[in-house]
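>>> Task: produce atomic coordinates for the following.
(4 chains)
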There are 4 protein chains.
Amino acid sequence: MIPRYSRKEISSIWEDDYKFKVWLKIERLACQAQEELKVIPKGVAEKLSLEYFDIARIHEIEVDTKHDVIAFLTYVAEKVGVDIRYMHYGMTSSDILDTCLAVQLKRSSDILLEHLKNLLNVLKKKAEDTKDIICVGRSHGVHAEPMIFGLKFARFYAEFKRNYERLKNAQKEISTCKVSGAVGSFTHIDPYVEGYVAKALELNPESIASQVIPRDRHAMFFSTLAIIAGSIENVAVEIRNLQKTEVMEVSESFSIKQKGSSAMPHKRNPILSENLTGLSRLIRSYVMPALENIALWHERDISHSAVERCIAPDACIAMDFALTRLINLIENLIIYPENIKRNLNSLNGLVFSQRVLLELINTGLSREKAYKIVQQNAMKVWENKSHFLEVLKEDSELLEIITLEKLESLFDFTYYTKHIDYIYNQVFTEN
Amino acid sequence: MIPRYSRKEISSIWEDDYKFKVWLKIERLACQAQEELKVIPKGVAEKLSLEYFDIARIHEIEVDTKHDVIAFLTYVAEKVGVDIRYMHYGMTSSDILDTCLAVQLKRSSDILLEHLKNLLNVLKKKAEDTKDIICVGRSHGVHAEPMIFGLKFARFYAEFKRNYERLKNAQKEISTCKVSGAVGSFTHIDPYVEGYVAKALELNPESIASQVIPRDRHAMFFSTLAIIAGSIENVAVEIRNLQKTEVMEVSESFSIKQKGSSAMPHKRNPILSENLTGLSRLIRSYVMPALENIALWHERDISHSAVERCIAPDACIAMDFALTRLINLIENLIIYPENIKRNLNSLNGLVFSQRVLLELINTGLSREKAYKIVQQNAMKVWENKSHFLEVLKEDSELLEIITLEKLESLFDFTYYTKHIDYIYNQVFTEN
Amino acid sequence: MIPRYSRKEISSIWEDDYKFKVWLKIERLACQAQEELKVIPKGVAEKLSLEYFDIARIHEIEVDTKHDVIAFLTYVAEKVGVDIRYMHYGMTSSDILDTCLAVQLKRSSDILLEHLKNLLNVLKKKAEDTKDIICVGRSHGVHAEPMIFGLKFARFYAEFKRNYERLKNAQKEISTCKVSGAVGSFTHIDPYVEGYVAKALELNPESIASQVIPRDRHAMFFSTLAIIAGSIENVAVEIRNLQKTEVMEVSESFSIKQKGSSAMPHKRNPILSENLTGLSRLIRSYVMPALENIALWHERDISHSAVERCIAPDACIAMDFALTRLINLIENLIIYPENIKRNLNSLNGLVFSQRVLLELINTGLSREKAYKIVQQNAMKVWENKSHFLEVLKEDSELLEIITLEKLESLFDFTYYTKHIDYIYNQVFTEN
Amino acid sequence: MIPRYSRKEISSIWEDDYKFKVWLKIERLACQAQEELKVIPKGVAEKLSLEYFDIARIHEIEVDTKHDVIAFLTYVAEKVGVDIRYMHYGMTSSDILDTCLAVQLKRSSDILLEHLKNLLNVLKKKAEDTKDIICVGRSHGVHAEPMIFGLKFARFYAEFKRNYERLKNAQKEISTCKVSGAVGSFTHIDPYVEGYVAKALELNPESIASQVIPRDRHAMFFSTLAIIAGSIENVAVEIRNLQKTEVMEVSESFSIKQKGSSAMPHKRNPILSENLTGLSRLIRSYVMPALENIALWHERDISHSAVERCIAPDACIAMDFALTRLINLIENLIIYPENIKRNLNSLNGLVFSQRVLLELINTGLSREKAYKIVQQNAMKVWENKSHFLEVLKEDSELLEIITLEKLESLFDFTYYTKHIDYIYNQVFTEN
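Below is the predicted model:
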C-alpha cells in the first residue's frame, strides 16, 4: 500500500523484517518440537535466533536460487554459523510461508478488531448525542417521514457490530498453522510438530492441508474485509449526501490551515468521506482475485502467491487506514440541528402524508380512496409550494370525513419518536 | 436463470406465484397481530387467503401504478372482495418485499444446505474408497511426492464442511424480518407486529432497519455463495486435470448414448467439470453488485432492487444446479488405479528425492550439500530417463556416505502413508 | 434476463428459435460452399430449410446425446427426411456455436448502437434547450462556481459519443466467423467455406482460431458494455442527486396514475435513475467472468459456455432496456429553472470566491495572501449566513486594495458563460 | 506495486519526483501560454524550473493544507523565490493532476506497447521454429486431432496483435489534456492555454471536461489492461498445462543455481507461468474500481483519487513486469519434440477418428450410422489399449464398406498440415 494510506503500526507487520522474524520463529519452534521427538539432536533450536536480518543479502541469494524460502534458509545458515542441517527438517516452504501469513493476518485482524470496537463506541456516542434531534427520513433521496437523527448512527452501529462478529469469525478461519511438509501428508514430519508450533503461535492446526493451507479460508477473510468496506462506504455516502450544500445537516470538521480547493477559497469539502468511498472500492476489488485463488491445481500451484503478496498487505493496511479515518471522522463530525430542522420543514408538511392516509383509513375510507385523496392534495403542494395542511384544509370533501381539529393534530413531529427507546434498546443492549 | 441450469424444486421459490403467496402470508400475519393489538377490527386476516394469483392481471395493474406492491395490494382488494382497508396498515412496501426475500433466501439455503450434506457424504465415501490407493502428489502440476489418493477427497470434504458452516451462518444472517414501516421507525406500526410475523415465518426480527433490511446481510450471503463456488471450481479443476488424456487417473462417467463431440467420435470429455468451472465464474460474479448494494442513500434507495431481482434467483438456482451436478459427478466418478500407478512410477523414482535428501542429512551432510547431490542426480534422470535409484547407485561419492541397502530401502511407497489414519481422523471425526 | 427488463425486439435474438434458425443457416451456407467445391454433391443445401423448430423434441434428443449441436443435427436429419450425410461435413460444433454467437452479438449491437444514436440526439437536444440556464457547478457535492446547465448534457453527449465509437469497435471485434473444424486447422474443411459463410453473414473470417473463436474478443465486448454501464450510472447518479428534495433542479416525469410509495402518497421518486444505477451494477458484473473466460485450456475447453449462455443474452438485453429507459428519461426530464436559480444563490455569493481571488492577484497580491483573505471572509459567510459581497465590503483592508465598484462588478453570473459557444462547438461539431 | 514486481524504468514514472516534474512543467507551459495572451506578465514561466524537489518538505506543508497541489504550489513559491502570483492562474488542481496522470499513463503505455511489439516478435519466431512439429491438439484437455505445434504460438500472436491495437486505442483515449479550470468551463482561463499545454505534452485537448477528465477514458484503459492480462493468463495456462509431468511438451528454462523446492530437489516447476497467472488475476481486479469511478457526483467528486493513486501505478508496473517476464519465458521456452511425438501417439490412433468418420460418410453411410461405428470402435480402444487401426481392422462389417488399404491410408499425420501455410499467411501477413 502506498505510504499515503499506511499507518506504521500495521504496515510494519507486512515488512520483510517482521516476516523473517516470524519465519525464523517457526523454524525454531519446529526444531524445539523435533528435539523433543529426538528426530534432531538437542541444541539446534536455541541457536536459531537473529537480532537483525540483512535483507539485501537475502535478496541477493534469491537472485540465484529463485526461491525466497531457500534464500532465507541459506542466509540463516551463513549467519548462525553452526551446523543447521536439521533446520527445516521434513518441512516444505509453504509450511513457513502459510503459517507466517496466518500470523500476519491474525495480528492485523487484532488491530482491525480494535478499530471496530472504537468505531462502535463513537457511533454509540453519536447516536446518544442525537437521540433528541428530529430530522426528515429520506427514501430515494426524497423526503419520506420524520424520524430521529440518531437512528442513522444506531443503524451504522448495528451494521458494524455485525462486521465485528464477521471479522472475528474470519480471523478464526484464517488462524491456522500448517507444518505437514510436501503435499501435506506428514511423511517426513510428525503431526506433533504442527501442534507444537500452532500452540506457541496461538493458531489452530490445519485439519487437512494440501501442500498449502486451503485458500477458501483466505477468500473468506478478504470477502469479510470487502463487506466491511461496503459498510464504510455506506457511512461515507451518507455523510457526503448530508454535507451537500443544499442539505448541510452535517459537516466533516475542517482545520484552521486546511484548504478546500486550490481555486475556490470558500470550499469545505467532505474529502474524508469521498476518500473513504474510494478506499472502499479498492478494498472491495481484492475479493475477486482472492476468490480465484481457491482453485489451485492438484496439491498446490503457486498462482495465489503473487496475488497475496500484494492484496494481503494492501487490504489490511488500507482497511486499517480507512477505519482509523472513519473513527476520526465520526468523532469530529459537526451536526447542524438548525439545518436539520429547516430541511424537515422544507417540504411543507408533505412528510405527514402517511399519517393523514392512515387516519383517513381509520375513519372508514378504503385504502385506495384514501391514497387518492392524499396523493392529489400532495401533488398540489409540489406544484404550488403551499403547506400541506393548508391545502388539505381547502379540500371540503375531506373535511366532511375528518374534523379540522383532528387534521391539525396529525401534524405533530413527536408522534414519530414513540418507539425510539425500543429501537435503541434493541440495538445497544442486545446480548 | 436459464432453464438449462434450473431445477424446479428451487426455481419455483423464485417464481411470481411463490412470491405472491408469501406476500399475502405476510400481510395476513401482520393483520393477525394488528387484530390482537386492536389496531384493526377482527376478521380481516382470515379473509386474506387466495388459492390462485392471476399474475397477468397484477402486471396489468402495475403498468399504471408503476409500483409492484401497490399493484399486488390492489389486486388482492379486487379479489377478496371485502373491505381490506386495514391490510398493509402502517406498513411500507419494503416490509413485505424484504421479508419475502428473507423467506426465499432462507428456503433456498435449506435446499443448498441439504445438498452440501449430501456432497459431504459422497466425498467421505470416496475418501474411504480410495484410502488404499497410493498416487503421486503434485505441486505446480509437477510430480512431488507419493501420497494417498483419498486425501484429495478428504481435503475437499474439509473444505465443504467449512462451506456448510459458512452457509449456516449466512442463512442466519439473512433470515430477518422487517415490519417497521417507512424509514423503519415503527411510527405507524407496533414492534409487536414485526415480532409476530417473524416468529410465524421462523425469522428473527431485524434489530434495526432503515426503510429496508440492511444490505450487508445480503452481501454476506452472496459472498458465501461465491466462496462455495470457488470450492466447486477447486474440485472441478482437479477432475479436469486428472482426466487429461496423459494423466487419466479419473473420468467422469459417460452414458451409453452420450456423444462427446460432433466431429470426433472417440472423445470422452470432462464436460461436467468444465461446466462447473463456468458456473463457478458466474456465481462468483454476483458478489460485486451485492457488495455495491450495501451503500444505499439515506434511509434507502432502490438501486439494489434490479440487482437482486436478477442475482438472488440466479445465484441460488445456479448454486443448486452446480451442487446437484457435483454430487452426481463425484458419486459416479470413475477412478483408474492402474493409471494412477503408472503415473506414480513415470518419473522414474524422482518422487523419492526428498526422502533421499533427508537421509543424507541424517548421515551428517549439511542441507546445502545434500540438496546439491540430490538435485544433480535428479537432473540426470530428467535428461536420461533412467531410474533415479539407478542413477544414484552410479554416484560413487554418494555410496561412500550411504549404503546401497539403505539407499534401496528408501524407495518404498508405504513410507508415505504412515499418518493417513491421523489425517482421516482429524477430518472425519472432528467435533 | 427476467421479463421485467426484457424488450421483445432484442430478447427474441436470444431465444432458441432464433438460434436454431441461424444454426441451420450456417449449415446451409457451408453446404453451398461445399457443393461449389464439389466436396459434397449438389442439392444438399437447398433442402436445409425449416419453417419451424420443435424445440421440445430437440431438447428430448439432447437428453440422450448430452450434446446440443448433435441433438440439433439429429433433429434436422429427422425433419428434412433426406440424406443429409453431408451436412456439417468436416465441421465441429463450435463452428456453428461460435459463428451463431457472433451473429447474435452483432445483431444485438446494431440495436444498441441505434439506441446510442437516439440517446445522443436527446442529449444534444437537452443541451441546446438548457444552454441559457445558469446553474451552480458543484464539486464534492459542494457549490463551486456558476456554469451553464447545458454543459451537463453536453458532457454526457461527449461521453456517449465515445461509447458509440467503442461499441462500434467492439462490434467489429466480435463479428468474426469460424468454420475451420476441430482444433481450427481446416483439416477436413477448406478455408473457402469459412470465407463463404462469413461473407453471407456479413462477418469477417477469423484470422486464426483454436477450436473456438478466441475469447479476448468477447471480453472486449463485455468490457465495452461495462463501460457504457458506467456512463449510464454516471447520468443516473447526476439525476438522483439533482432530484433530491433539497436540490430539486430536475425531476423524472411522473405519470398520472403512478404511485411513488405504498405508504407515503406524497412521494415522487427518481426510481428510473435508481433502477438504471442497479442495472449498471449488473451489467458491470458480467465483465469478470468474461475476462476469466479468456484463458481456455489448450485448443479449447468448454468452461466459457455456461458463462456465455447467461451473460451474453443478459448483458445485451439489460443494456437494451437500460438505454431505452435512459433515452426516455432524458427526453421527458423536467427541469426546474426556478430551483436552479434558487440554489445558485443559496450560498450567498460564495461561488464568486475564485473570481475575487484572481482579481486580488491581479491587483498585485501574492496568491497565498489573496487566498487567505478570501478564505477568511468566506468562512464568515458559512458562519453568519450573510452575503459574501456584504462581508467583503466590511473588510476595510480589502477595500484599500480594490475599489467597491470593481468588487461589485465581480459578482456577475454572465462572466461564467463566455466560453460556452467554444465548448458546444468542440462537443457537437467535432469531426 | 511491491518491489518484487517493479522494474525501475516504469516505476520511476510513478514516483513523486517524476510527478512533481510534470506538475511544474504543466504550470510552466500554462504560464508561457498566459504570457503570450498577456494575461500575466512576461518572465514568470522561465523562472518555473527546479532541479530537485524536497519531497519531505512538500509533504510537511501538506500536513497543514491537507491538499497536495496547494502544498506543491506553496513549496515552489518558497523555492523559486520570486513573485509567482501568476502561477496556476485561473486553474484548478485537477488541471495539473489529471493532465499529469495522462502524461504518466501515456508514457507507461509507450513502454507497454514496446513490450507488446517484442512479445509479438518472440511469438512469431517460436511459431516459425515449430512450424514443422506435429502435435496433438486438445479440446477439454482430451486429445482431439493432430495439428501443428506452431499454431499455438501463431494463435497467441494474433491475440496479442489485437491487444496491441487495443492498447494503442486506449492510449489515445487516455492522452488528453485538461486546463479548463474549476468545473471545466474556462471561466478564468482561455481555451488557448489548454491547447498550448496539450500540444507541448503531445496530448489532445479534452473536448469537454467537468472539473476533471471524464473517467470513462480511464475505465477503458484499465479494461484494456485487464483483457491483456487475460491473454497473458491464456499463454501461462497453456504452458502450465504443457509442462505437467505427464505431458512435458515444453519447459520453462531452469537456471543452474535455481532451486525448485525447498523440500524436493528434483523439481522443475513452471513458476514463471504460475506467477503470470497470479499477476493476471491482480491486473484483472483493477477493472472493477476503475468502472465504479466513472459515476462521479456532479462536476466531480474525489472518490476516484484513492483508487487511482493505487491502481494506476500498480496496473502499469505489474503489466510491465508481466510482459517482460512473458517475453523472456517464451524466448527461452524449451520444447520437447520427442515428448510431443510420444503424446501424439499415446491415444493409439484415436485422434484419427474424425477422418475415419468422414471417409465412411464419403462411402455413402449416414452421419449417424458412421458416427456410431466409429464411436463403438473408439470405446474399445479406451478399454483395451489396443491401437485404433487394429481395432478397426477387426470390424468385419466395416471392412465391407472400406478397403483395408484405404483404411490404413487414413492414419497419416501429414494430412493434418495441409492448410498450415494458409493460416500462417493469414496471421503474419495481414495488413
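>>> Please count neighbours and contacts with C-alpha atoms only from this point.
Will do.
>>> Without its sequence neighbours, what residue ends up closest to the residue positioned nearest the centre of chain A?
In chain A, the centroid-proximal residue (C-alpha atoms, centre = their mean) is A:I228; its distance is 2.7 Å. With sequence-adjacent residues excluded and distances taken as C-alpha to C-alpha, 6 or more residues apart in numbering or on different chains, A:I228 is closest to A:N163, at 6.1 Å.
>>> list the buried ones in whatever helix or strand the one you found lives in?
Secondary structure from DSSP states H and E places A:N163 in helix A:150-174. Across helix A:150-174, burial judged by 16 or more other C-alpha atoms under 10 Å in any protein chain shown covers A:150-164, A:166-174.
>>> And the strand or helix carrying A:M319, what does it pack against?
Per DSSP H and E, A:M319 falls inside helix A:303-331. The contact analysis (3 or more C-alpha pairs under 8 Å, 6 or more residues apart in numbering or on different chains; DSSP states H and E) places helix A:303-331 against helix A:8-11, helix A:93-129, helix A:216-242, helix A:271-285, helix A:287-292, helix D:271-285.
>>> ok, back up a step: surely the residue nearest to A:I228 is in contact with A:G230?
No: using C-alpha atoms under 8 Å as the test, A:N163 is too far from A:G230 to be in contact (10.3 Å).
>>> Quick check, the residue in the stretch 1-150 of chain A closest to chain D?
A:T65 (4.3 Å; C-alpha to the nearest C-alpha).
>>> which residues of the stretch 51-200 of chain A score low on pLDDT?
Across the stretch 51-200 of chain A, the ranges flagged by pLDDT under 70 are A:81-84.
>>> Surely A:M147 is in a strand?
Yes: under DSSP: H, G, I helix; E, B strand; the rest coil, A:M147 sits within a strand.
>>> ok, it touching A:R138?
No: applying C-alpha under 8 Å, one finds A:M147 not in contact with A:R138, separated by 9.4 Å.
>>> Now do the shared contacts for the two.
Counting by C-alpha atoms under 8 Å, 6 or more residues apart in numbering or on different chains, the common neighbours of A:M147 and A:R138 are B:V183.
>>> For those two, indicate the residue with more neighbours.
A:M147 (29 against 24; other C-alpha atoms under 10 Å in any protein chain shown).
>>> Let me see the contact set for that one.
Shown in contact with A:M147 (C-alpha under 8 Å, 6+ apart): A:I134, A:C135, A:V136, A:G137, A:Y416, A:T417, B:V183, B:S185.
>>> which one of those residues has the most neighbours?
Busiest of the contacts of A:M147 [other C-alpha under 10 Å] is B:S185, holding 29 neighbours.
>>> In this structure that one contacts A:Y416, no?
Yes: judged on C-alpha under 8 Å, B:S185 makes contact with A:Y416 at a distance of 7.4 Å.
>>> For A:T92, see how far away the residue of the stretch 301-431 of chain A found nearest chain D is.
Of all residues in the stretch 301-431 of chain A, A:S303 sits closest to chain D, at 4.5 Å by C-alpha to the nearest C-alpha. Per C-alpha to C-alpha, to the nearest Å, A:S303 is found 17 Å from A:T92.
>>> which ones are touching A:R281?
Contact analysis of A:R281 by C-alpha under 8 Å, 6+ apart lists A:A229, D:P289, D:E292, D:V307.
>>> Please save the CA atoms from stretch A:273-286 in CSV.
Taking Å, rounded to 0.1, in the frame of the first residue of the first chain, the C-alpha atoms of stretch A:273-286 are listed here in CSV:
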residue,chain,number,x,y,z
SER,A,273,-15.8,10.6,3.2
GLU,A,274,-15.0,10.8,-0.5
ASN,A,275,-11.6,9.3,0.2
LEU,A,276,-13.3,6.5,2.2
THR,A,277,-15.6,5.8,-0.7
GLY,A,278,-12.6,5.4,-2.9
LEU,A,279,-10.8,3.2,-0.4
SER,A,280,-13.9,1.0,-0.2
ARG,A,281,-13.8,0.5,-3.9
LEU,A,282,-10.2,-0.5,-3.6
ILE,A,283,-10.7,-3.0,-0.7
ARG,A,284,-13.7,-4.4,-2.4
SER,A,285,-11.7,-5.2,-5.5
TYR,A,286,-9.4,-7.5,-3.7
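>>> How far away from the center of its chain is it?
Centroid separation between stretch A:273-286 and its chain, computed with C-alpha atoms, centre = their mean, to the nearest Å, is 10 Å.
>>> Give the buried residues for the helix holding A:M319.
So for helix A:303-331, counting by 16+ other C-alpha under 10 Å, buried means A:303-308, A:310-331.
>>> A:S253 belongs to a strand?
No: secondary structure of A:S253 (three-state DSSP): coil, not part of a strand.
>>> Tell me who's in contact with it.
With contact taken as C-alpha under 8 Å, 6+ apart, A:S253 is in contact with A:L329, A:N332, A:L333, A:I334.
>>> got it, and A:Y192?
With C-alpha under 8 Å, 6+ apart, A:Y192 has these contacts: A:A33.
>>> Enumerate the positions of the strand or helix carrying it that are buried.
Using DSSP H and E, A:Y192 maps to helix A:191-200. Neighbour counts over helix A:191-200 (16+ other C-alpha under 10 Å) mark A:P191, A:Y192, A:V193, A:E194, A:G195, A:Y196, A:V197, A:A198 as buried.
>>> can you redo these as a markdown table with distance to B:R7?
Shown next, in a markdown table, are those (distance: C-alpha to C-alpha, whole Å):
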| residue | distance to B:R7 |
| --- | --- |
| A:P191 | 44 |
| A:Y192 | 47 |
| A:V193 | 48 |
| A:E194 | 44 |
| A:G195 | 45 |
| A:Y196 | 48 |
| A:V197 | 47 |
| A:A198 | 44 |
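>>> okay, how far is it across stretch A:341-353, tip to tip?
18 Å.
>>> which of the residues in it are buried?
So for stretch A:341-353, counting by 16+ other C-alpha under 10 Å, buried means A:N343, A:L344, A:N345, A:S346, A:L347, A:N348, A:G349, A:L350, A:V351, A:F352, A:S353.
>>> just stretch A:4-12 next, same as before
Of all the residues in stretch A:4-12, those buried under the rule 16+ other C-alpha under 10 Å are A:Y5, A:S6, A:I10, A:S11.
>>> do stretch A:41-51 as well
Across stretch A:41-51, burial judged by 16+ other C-alpha under 10 Å covers A:V44, A:A45, A:L48.
>>> just checking, what packs against the strand or helix carrying A:F72?
Taking DSSP H and E as the criterion, A:F72 maps to helix A:68-80. Applying 3+ C-alpha pairs under 8 Å, 6+ apart, we find helix A:68-80 packed against helix A:55-65, helix A:93-129.
>>> returning to that earlier point: of the buried residues of stretch A:341-353, which ones also sit close to chain C?
A:N343, A:S346, A:L347, A:L350, A:V351, A:S353 (C-alpha under 8 Å from any C-alpha of the partner chain).
>>> What is the nearest of the residues you listed to C:E394?
The nearest member of those to C:E394, counting by C-alpha to C-alpha, is A:N343 at 30.5 Å.
>>> my guess is the closest one meets A:I134, correct?
No: in this structure, A:N343 is not within contact of A:I134 by C-alpha under 8 Å, at 10.6 Å.
>>> Find the closest residue to chain B in the stretch 301-431 of chain A.
A:D301 (4.3 Å).
>>> mind checking the SS state of that residue?
Going by three-state DSSP: A:D301 is coil.
>>> Cheers, nothing more for now.
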